[in-house]
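Visitor: Structure, please.
(one chain, ligands or ions: 1)
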Amino acid sequence: MGLVACQHKMNQPVTTESNTLEKLLQGNNRFAAAHPLHPDESRQRMGEIAKGQHPFAVVISCSDSRVPPELIFDQGLGDLFVIRTAGNLVGGLEIGSVEYAVEHLQVPLIVVLGHEQCGAIKAFVDGSEAPGHIKDIIDSIKAEPEISSIAKDDKDRLVHCIEANLRHVTLQLQVQSFIIREKIEKGELRIVTGKYDLEKGAVTLLKQ
Ligand SMILES: [Zn+2]
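Guide: Residues are numbered from 1 along each chain as shown. Here you go, the predicted model:
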């Protein structure tokens, strides 16, 4: 139960902090089993991290209120460096935040986390008109080559588009950031892609 690490593949042999993914997976198992420990929320922890932050993972997730990384991975203050946008989309500013975490804070793991029934991807699939800057989100999804390759009459189009968007963001981080690319090549950083099941509370890692 809980986190299913099927189809999991590492990008590179990891030489540092190889237990960080395991720590997240175990936390998600606790959450999905409704036995969270709520670690690192004490006054003592606040005092420790007031001196400086040492998060062990970057999580890029959707802004959706049902997918808060600290809760679903059962982690606490100072544990995760989180970037959240609708559809877990990233551009220059978001990638800059990730670079800060991996370059200055030496975070060894990035998790790109999507979820079922993602409203941003659903809006694109439905083809509805989007007002204001919401249109920017839809246009960004529409421009992803991975999304374009999904057939219009695909019976599971939403699911496949959500996974295509995750593959796109995971690749985009490596293509657009030489800092991230170099860290991966040196075996100092690893990127994994996960999808969250809203009903089970479980994260499944996707093949990369
Ligand atoms: Zn979403």
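Visitor: what about the strands in this protein?
Guide: For the chain, the strands defined by DSSP state E cover 57-62, 80-85, 109-115, 190-196, 203-205.
Visitor: Put together JSON lines for the ones you listed, with distance to the ion, mean pLDDT and mean neighbour count on each row.
Guide: For every residue, glycine as well, the C-beta is placed using N, CA and C. What follows is these, written out as JSON lines (distance: least, CB to the ion, whole Å; pLDDT from 0 to 100; neighbours: other CB atoms under 10 Å):
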{"stretch": "strand 57-62", "distance to the ion": "3", "mean pLDDT": "98", "mean neighbour count": "25"}
{"stretch": "strand 80-85", "distance to the ion": "9", "mean pLDDT": "98", "mean neighbour count": "20"}
{"stretch": "strand 109-115", "distance to the ion": "6", "mean pLDDT": "98", "mean neighbour count": "26"}
{"stretch": "strand 190-196", "distance to the ion": "9", "mean pLDDT": "97", "mean neighbour count": "23"}
{"stretch": "strand 203-205", "distance to the ion": "14", "mean pLDDT": "97", "mean neighbour count": "22"}
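Visitor: Of those strands, which is nearest Leu37?
Guide: Nearest to Leu37, of all those, is strand 80-85, at 14.9 Å by CB to CB.
Visitor: List the neighbouring strands of that closest one plus their orientation.
Guide: Here strand 80-85 has these sheet partners by DSSP bridges: strand 57-62 (parallel).
Visitor: how far off strand 190-196 does the strand it pairs with point, in degrees?
Guide: 40 degrees (axes from the mean of the first three to the mean of the last three CA atoms, to 10 degrees).
Visitor: Any regions of this protein where pLDDT drops low?
Guide: For the chain, the stretches with pLDDT under 70 are 1-18, 208.
Visitor: Flag every residue of it that's near the ion.
Guide: Listed as neighbours of the ion in the chain under the rule CB under 5 Å from the ion: Cys62, Asp64, Cys118.
Visitor: which residues in this protein form helices?
Guide: 20-32, 43-50, 69-72, 92-103, 119-126, 134-142, 145-148, 157-176, 178-185 (DSSP state H).
Visitor: Please enumerate residues in contact with the fifth one?
Guide: Spelled out, it's helix 119-126. The contact list for helix 119-126 (CB atoms under 8 Å, 6 or more residues apart in numbering) reads 62, 64, 86-87, 89, 130, 134, 137-138, 141-142, 147, 157-158, 161-162, 165.
Visitor: repeat for the longest one
Guide: Applying CB under 8 Å, 6+ apart, the set of residues contacting helix 157-176 from outside is 60, 87-90, 95, 98, 110, 112, 114-118, 121-122, 124-125, 141, 144-147, 149-151, 154, 180-181, 184, 191, 193, 195, 206, 208.
Visitor: what's the closest of the strands of the chain to Glu48?
Guide: Across the strands of the chain, closest to Glu48 is strand 80-85 (CB to CB), at 15.6 Å.
Visitor: what's the offset of the closest one from the middle of its chain?
Guide: Put simply, strand 80-85 sits 8 Å off its chain's centre (CA atoms, centre = their mean, to the nearest Å).
Visitor: and if you look at stretch 29-48?
Guide: On CA atoms, centre = their mean, the centre of stretch 29-48 falls 20 Å from that of its chain.
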